[in-house]
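1. I'll drop the sequence and a predicted model, then ask my questions.
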Amino acid sequence: MKVKEKKQQKHWGSQKEHCIEKSNNMTCKYFSQIIVFYFLTILIYGCGIYSFSGASIPENAETININYIKNSADLIQPSLSNLLTEALISKCQAETNLTITNKSSDLLFSGEITKYEVQPVSIQNTEIAAQNRLTISLKINYRNNLDSSLSFEKTFTDYVDFDSNSILSEIEEELSIIIVNNLVEDIFNSVFMNW
């Protein structure tokens, strides 16, 4: 009998050690998770407000006003102002937590289209252009009413090349959308990505 008791004690002893070791591992794992959580919280909220799109919104900014982008180009494409304004509003709504307003705001965009032109590029031996280039430029005035050092006035330009055999009126809207999306991305990155 004594032999069996000793075996049981060894058996119980090893289970006890296993439970204590498991408990210590769980405690260490729990504390490491807490440390990681606090580290990530500090990282995310450390320098202003962070949105999961990667945008770094200025601290305390809650509202944004995006004025209608007027068309002052020599050649006017009628729907371009609307397209640019709506694309910028949509981008800010989708990728920030800012409230769009028409009143006084923390952040303000205003601007105008300064260039809308088609130029030949890639001239062939026959002196006929193989491709044309549609270029759009706009001047953006960004005002940060919370930190004026972040405000700027800047011109953004983008273009798309297309086959010279294409009829512009048939592809103009598609090309304009491509350029507008690129311009809006550039504007957004300049303001919210600190590039």
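-> Looks like it arrived, so ask away.
2. assign the nearest residue to N67 once chain neighbours are set aside to helix, strand or coil.
-> With Cβ to Cβ, 6 or more residues apart in numbering as the criterion, N67 has its nearest non-adjacent residue at 4.2 Å, and that residue is S110. From N, CA and C alone the C-beta is placed, and that goes for glycine too. When classified by DSSP: H, G, I helix; E, B strand; the rest coil, S110 comes out as strand.
3. roughly how far does S110 sit from R143?
-> Applying Cβ to Cβ, to the nearest Å, the value for S110 to R143 is 8 Å.
4. equivalent analysis for L107, please.
-> 7 Å.
5. higher neighbour count, these two?
-> L107 (26 against 16; other Cβ atoms under 10 Å).
6. ignoring the adjacent residues along the chain, who's closest to that one?
-> Closest to L107 by Cβ to Cβ, 6+ apart is I64, at 4.4 Å.
7. now do the buried residues in the helix or strand hosting that neighbour.
-> Element membership of I64 [criterion: DSSP states H and E] is strand 63-66. Going by neighbour count (16 or more other Cβ atoms under 10 Å), the buried part of strand 63-66 is I64, N65, I66.
8. likewise for stretch 107-118?
-> Those would be L107, L108, F109, S110, G111, E112, I113, T114, K115, Y116, V118, for stretch 107-118 by 16+ other Cβ under 10 Å.
9. is the third one bridged to anything, and to what?
-> Note on F109: beta-bridge partners by DSSP bridges are I66, Y142.
10. what sits against it?
-> I64, N65, I66, N67, L88, I140, N141, Y142, I187 (Cβ atoms under 8 Å, 6 or more residues apart in numbering).
11. tell me the two of those that are most distant?
-> N65 and I187 (14.6 Å; Cβ to Cβ).
12. what are the ranges of the strands in the protein?
-> 49-50, 56-57, 63-66, 70-71, 99-100, 107-123, 129-144, 152-163 (DSSP state E).
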